[in-house]
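Colleague: For reference, the sequence and a predicted model appear below.
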Amino acid sequence: MKQLLHQLNNRRKSLQHLILQLLFILLVSGLIAAPAEAIGVYQMPNVRAGEPTWVIDKAEVLSRLNEGRLSNTLDDLAKKTGKEVRMVTVHRLDYGETTETFTKALFEKWFPTPQAQANQTLLVVDTLTNGTAIQTGDAIKSLMPDDTAKSVATETVVAPIRDGNKYNQALADASTRLVAVLSGKPDPGPPVVEEKVQVASTFTKAEEADTKNSTIWVVAILIIATVVPMATYFFYQGFSG
């Protein structure tokens, strides 16, 4: 009997050691969700005026279908009017960077001279904070004044995002408005937003989701580390009885 209990105790310790090793491997390998890596201007791909790169979805919030439609629409706009619009989504910016500073720096990186900037519009969405910003060149301002451009970024884009993080709709709506304005048509204006009474914000930040996923993994593994040895012990107890 003593020998059986000794063997059982050794098995229990081996199982606990194995489970702790598994927990360590999961933590190190990143299977437990970790916050997405921050991105800076110089980590963005290079784009030049006239190049048919219209949508860069670094945050991966757009469907392939919608990304394709946006690209086709903006490409058609460029061919017909010479006015180029680019849309960028990012998930997390470098520390100290804001959506406005990032957009300005990226605009200047891609279009370093006034001539290259003239017919350009750059719209950026940061999905972590749901911040938006827009930058335009001098030739764009005659068709779309700064107030209108700001309205596109802070009203047209933001309204669908506030209504459940609808990024596909947000950029589709922005595209429709930008194409109209830059084609010389009347500005359809920002969306009409109905006031909704909310007890608390419905925004769910990606960081919160990451933390929740990490907690679930840790709790599950700790439960396994506790339950499996106990179950093994009672199994051998019943077997020995």
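Modeller: In hand now; what should we look at?

Colleague: Helices of this protein, start to end?
Modeller: Using DSSP state H, the helices of the chain run over residues 2-29, 64-81, 99-110, 114-117, 138-141, 146-151, 158-162, 167-182, 206-240.

Colleague: shaky segments in the protein?
Modeller: Across the chain, the ranges flagged by pLDDT under 70 are 1-36, 194-241.

Colleague: again, 80 this time
Modeller: 1-37, 193-241 (pLDDT under 80).

Colleague: Domain parsing of it, as residue ranges.
Modeller: With domains defined by automatic domain parsing, the chain comprises 2-31+206-240, 41-182.

Colleague: what's near enough to touch the residue nearest to residue 173 when sequence neighbours are not counted?
Modeller: What sits nearest to residue 173 in space, not counting adjacent residues and going by C-beta to C-beta, 6 or more residues apart in numbering, is residue 156, at 5.3 Å. Just so you know, the C-beta spots here come from the backbone N, C-alpha and C atoms, and that holds for glycine as well. Neighbouring residues of residue 156 by C-beta atoms under 8 Å, 6 or more residues apart in numbering: 170, 173-174, 177, 190-191.

Colleague: Make TSV out of the residues you listed and add neighbour count and distance to residue 53.
Modeller: Below are the contacts of residue 156 laid out as TSV (neighbours: other C-beta atoms under 10 Å; distance: C-beta to C-beta, whole Å):
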residue	neighbour count	distance to residue 53
170	25	20
173	20	21
174	24	17
177	22	21
190	17	27
191	16	28
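
Colleague: nearest to residue 124, of those residues?
Modeller: residue 174 (11.2 Å; C-beta to C-beta).

Colleague: what residues are up against the closest one?
Modeller: 87, 123, 152-153, 156-157.

Colleague: which ones among those residues are found in strands?
Modeller: 87, 123 (DSSP state E).
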